[in-house]
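Trainee: Next one to model:
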Amino acid sequence: MKKPFQKSRIPEQNAFVVRELVAPNFDKNWHFHPEYQLFWVRQGRGTRFVGDDMRVFKENDLVFTGPNLPHLWRNDQEYFEKGSDLLTEGIVVYFPENFIGKELMQKEEFGELRVLLEKAGMGLEILGATNEELRPLLASLVQKDGLDRIIGLLEILLRIARSTEVQPIVRAGYMNTNKESEKDRMSTVYAFVMDHFQRPVKLEEVAGLINMSSSSFSRYFKSRMNKSFSDFLSEVRIGHACKLLQRENINISEISYECGFHTLSNFNKQFKEKMKMTPMSYKKDFLQRYG
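Mentor: As a prediction, the model looks like this:
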């Protein structure tokens, strides 16, 4: 059985690493690392977690993250089903904080790059024409070596730095307060929620998974995620609802039940609070744009 791609550290002899990923699913473990990361999803769908942000991802999702910013691209459940022939593809670039060198980075010529790397601490989503322009550059970067590869990466970073189609991902003031030793703990929580959000999920049940009391877990989760666990669970459910609303053959009541909401009224209320529109309005808007 094929396993999802697992990240490896940058070899000492290399300035940075670029890899082409092809696997049944992306790495499903919530994690963070000291390198900058540029990740282009060529194929695959699911839910993306970066810092305190959660949203749906699909083909051509392109994100630039700074050092130690927690992240996870969790594929939809169908990618994990037995006998699934679905595949994910992507290109990922890792480079260290000292990629250019501290002294050189302080030179006037690197001002644009310094600003970009500072912004990457919040995570950056790259959209529009810039996204389209960078895809072939990333694809060709895999084939380059030596100085050509260095120049290729700098060209990509320059285009991101000068683009107006780049949006921060995490909320202002977010800080990663997680410790290296807590990676497995948070991965356990994320995995459990993604596997079980369609049924009632009790706080004490999740807290028990990582050997905490309910009150301790509530404080722990909010300090790490800038939101309560109940808000996080609701966001996961609403995110799944958005995917289902994009299908014409499922009605609102069915979606409410499928996403783990007890009542249709509660679903409508929470959806409107999160999306600033009703489920029906969201469905109509999507069909008008893409139907």
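
Trainee: from here on, contacts and neighbour counts on C-alpha atoms
Mentor: Fine.

Trainee: ranges for the strands of the stretch 51-200 of the chain?
Mentor: 53-57, 62-65, 71-75, 88-95, 124-126, 166-168 (DSSP state E, counting those that start in this stretch).

Trainee: Would you mind finding the most buried of the ones you listed?
Mentor: strand 62-65 (a mean of 25; mean count of other Cα atoms under 10 Å).

Trainee: can you pull the alpha-carbon coordinates of it into PDB?
Mentor: What follows is strand 62-65, C-alpha atoms only, in PDB (Å, rounded to 0.1, in the frame of the first residue of the first chain):
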ATOM      1  CA  LEU A  62      -0.800  28.100  -3.800                       C
ATOM      2  CA  VAL A  63       0.400  29.100  -0.300                       C
ATOM      3  CA  PHE A  64       3.700  30.500   1.100                       C
ATOM      4  CA  THR A  65       4.300  30.000   4.800                       C
END
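
Trainee: pLDDT averaged over it - what is it?
Mentor: Averaged across strand 62-65, pLDDT comes to 98.

Trainee: Over to stretch 238-252?
Mentor: 87.

Trainee: What is the end-to-end distance of that stretch?
Mentor: Distance between the boundary residues of stretch 238-252 (Cα to Cα, to the nearest Å) amounts to 12 Å.

Trainee: now do stretch 164-177
Mentor: Across stretch 164-177, first to last residue, Cα to Cα, it's 30 Å.

Trainee: do stretch 192-206 as well
Mentor: End to end - Cα to Cα - stretch 192-206 spans 8 Å.

Trainee: Give me the contact list for it.
Mentor: 77, 189, 213-214, 229, 233, 236-237, 257-261 (Cα atoms under 8 Å, 6 or more residues apart in numbering).

Trainee: Measure how buried residue 32 is and give me the count.
Mentor: 21 (other Cα atoms under 10 Å).

Trainee: what does residue 46 give?
Mentor: 21.

Trainee: Then residue 21?
Mentor: 20.

Trainee: Secondary structure element holding it?
Mentor: strand 17-23 (DSSP states H and E).

Trainee: That strand: partners in the sheet, and parallel or antiparallel?
Mentor: Strand pairing for strand 17-23, determined by DSSP bridges: strand 88-95 (antiparallel).

Trainee: Reformat the contacts of stretch 192-206 as a markdown table; add secondary structure, neighbour count and distance to residue 53.
Mentor: As requested, the contacts of stretch 192-206 are arranged in a markdown table below (DSSP: H, G, I helix; E, B strand; the rest coil; neighbours: other Cα atoms under 10 Å; distance: Cα to Cα, whole Å):
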| residue | secondary structure | neighbour count | distance to residue 53 |
| --- | --- | --- | --- |
| 77 | helix | 12 | 20 |
| 189 | helix | 18 | 16 |
| 213 | coil | 14 | 25 |
| 214 | helix | 16 | 23 |
| 229 | helix | 19 | 13 |
| 233 | helix | 17 | 13 |
| 236 | helix | 20 | 11 |
| 237 | helix | 24 | 14 |
| 257 | helix | 16 | 24 |
| 258 | helix | 16 | 23 |
| 259 | coil | 23 | 19 |
| 260 | coil | 21 | 21 |
| 261 | coil | 22 | 21 |
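
Trainee: shaky segments in this protein?
Mentor: 1-9, 248, 290-291 (pLDDT under 70).

Trainee: hmm, try it at 80
Mentor: Low-confidence segments of the chain (pLDDT under 80): 1-9, 178, 180-182, 247-249, 287-291.

Trainee: hey, where'd the helices end up in it?
Mentor: 102-105, 111-119, 128-141, 146-162, 183-196, 203-209, 214-225, 229-245, 252-258, 264-275, 279-290 (DSSP state H).
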